[in-house]
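Q: From the sequence below, what's the structure:
(one chain, ligands or ions: 1)
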Amino acid sequence: MSKNYKFKLKEIPYPIDGLEPYIDAATIDLHHNKHHQAYVDNLNKALDNYPEYQDWSLEKLLTDINELPDKLRIEVEKHGGGVHNHDVYFAGMSIGNNEPKGKLLEAINEEFGSIDEFKDKLKKAAAGIFGSGYAFLVKDKDNKLSIIQTSNQHSPLSFGLTPIIALDVWEHSYYLKFQNKRADYIDNFIKVINWDAALDRYLA
Ligand SMILES: [Fe+2]
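A: Below is the predicted model:
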């Protein structure tokens with residue numbers, strides 16, 4: 001029997017108010033316990049009728065998405081992407097561990113010139129997304145870093161890229177506290193990037 005299906009909502013590695021005052025408790029509660037949970041539930045619902053894919057890991061479903069039958073592919077794109085993107089997003093924030101370090105810091109300096117230039121590019125990418133989507137720091141198969149913008153819940157895994165940092169700019173991630181001020185939310189997100197988690201994802 002499957003070791004993945006049914007998928008469960010991953011717990012966030014901090015209390016619901018653990019990112020205050022940068023990201024507020026009410027937003028984390030709604031975002032994680034309602035939105036993230038809904039992606040998990042809808043992914044499980046989509047897989048109900050496809051037992052032959054129920055032993056695939058979430059990463060495999062997203063990486064090998066073009067091997068799926070059309071109807072399932074569309075659901076995995078939306079809801080599987082929604083689960084994985086939020087897994088990376090929520091585990092990628094913390095109070096503490098907020099200084100880049102190690103091999104990831106070296107790679108960022110090499111690719112972007114400095115950490116400040118990297119942050120500036122990430123901010124611009126996130127601010128420039130029209131509608132709902134994400135800015136990601138990703139690595140390719142040769143460990144080369146880049147910043148990409150995605151729309152909706154497309155996973156970088158489906159483009160052969162590994163997400164290192166996920167910056168969710170769907171309105172549900174900031175509207176309660178920041179209303180229309182997406183740039184203020186982005187500034188606050190950058191302050192709570194969990195660089196230990198990012199380093200682990202880079203080295204994995
Ligand atoms: Fe979200």
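Q: From what I see, residue 28 and residue 19 are in contact.
A: Yes. Checked against CB atoms under 8 Å, the pair residue 28 and residue 19 is within contact range at 6.4 Å. Yep, even glycine has a C-beta here, placed from its N, CA and C like the rest.
Q: what do the two both touch?
A: Listed contacts common to residue 28 and residue 19 are nil; contacts here mean CB atoms under 8 Å, 6 or more residues apart in numbering.
Q: what about this structure, any weak spots by pLDDT?
A: Per-residue confidence for the chain (pLDDT under 70) gives these ranges: 1-3.
Q: what helix or strand is the spatially most central residue of it on?
A: Nearest to the mean C-alpha position of the chain, counting by CA atoms, centre = their mean, stands residue 85 at 3.2 Å. Element membership for residue 85 (DSSP states H and E) is helix 81-91.
Q: before we move on, the earlier item: enumerate every residue touching the residue nearest to the centre of the chain.
A: Taking CB under 8 Å, 6+ apart as the definition, contacts of residue 85 comprise 134, 153, 155, 163, 166, 168.
Q: Please apply the same query to residue 76.
A: Residue 76 makes contact with 43, 46, 61-62, 65, 68 under the criterion CB under 8 Å, 6+ apart.
Q: With respect to the ion, which of these is nearest?
A: residue 43 (14.5 Å; CB to the ion).
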